[in-house]
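Enquirer: Make a model of this:
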Amino acid sequence: MALRSVTHENCRLVDFQVLADTRGSLSVAETQRHVPFGIERIFIVSGVDAGTARGGHAHKRQQQMLICTSGAVEVRADNGSETMTVVLDTPARGLYIPPMIWAEQTYLSEGSVLTVLCDDHYDEDDYLRDRDAFARYLADVLKGKTET
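Expert: Below you'll find the predicted structure:
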């Protein structure tokens, strides 16, 4: 994926299809309809104490869709110059995180569950786990010195 710019316009909330009746609600997220990529990996984060921060990294190439399926999770997404904050608190909506966005999640309530859809398998080489290294790598990408 060629990266021309990194903006928060690339991060976006996506409303899923919700089918509701007297028995409850069913939220539907379909590839290429709601999720702008093919799903290769799904992981679920649970059992996190309220107030705990997780994430704190960016991906060079991987795309993700974050969905809070229970409770509430605050997501901070940083494009290197600006930070946006979104609270995910319904399984009817997800936050699309493209490559080269530094993201951190804070679990706001006990029992919060975050489900993450990914377009690729786990690859440690895809992670930027140090904030300063992310800033340097991002600067190189935007100058055309490095490809994502």
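
Enquirer: hey, where'd the strands end up in the protein?
Expert: All strands of the chain, identified by DSSP state E, fall at 12-15, 17-21, 24-28, 41-45, 53-59, 64-70, 73-78, 83-88, 93-97, 102-107, 113-118, 127-128.

Enquirer: The shortest one pairs with which strands, and in what direction?
Expert: Pointing back at strand 127-128 there. If you go by DSSP bridges, strand 127-128 pairs up with strand 53-59 (antiparallel).

Enquirer: for the protein, which residue is closest to the average position?
Expert: For the chain, the residue sitting closest to the mean C-alpha position, by CA atoms, centre = their mean, is residue 97 at 4.0 Å.

Enquirer: Show me the shaky parts of the protein.
Expert: 1-9, 148 (pLDDT under 70).

Enquirer: Would you check that residue 13 makes contact with residue 94?
Expert: Yes - the criterion here is CB atoms under 8 Å, and residue 13 meets it with residue 94 at 7.4 Å. C-beta: built from backbone N, CA, C; applies to glycine.

Enquirer: so what's the closest residue to residue 105 other than its chain neighbours bridging to?
Expert: The shortest distance from residue 105 to any residue other than its chain neighbours is 4.7 Å, reached at residue 55 (CB to CB, 6 or more residues apart in numbering). Beta-bridge pairing for residue 55 (DSSP bridges): residue 104.

Enquirer: burial of residue 55, as a residue count?
Expert: 20 (other CB atoms under 10 Å).

Enquirer: swap in residue 68?
Expert: Residue 68 has 26 neighbours, counted by other CB under 10 Å.

Enquirer: Let me see the contact set for the nearest residue to it once chain neighbours are set aside.
Expert: Distances taken as CB to CB, 6+ apart place residue 88 nearest to residue 68, at 3.7 Å, with adjacent residues excluded. Applying CB atoms under 8 Å, 6 or more residues apart in numbering, we find residue 88 in contact with 66, 67, 68, 72, 73, 74, 75, 94, 95, 114.
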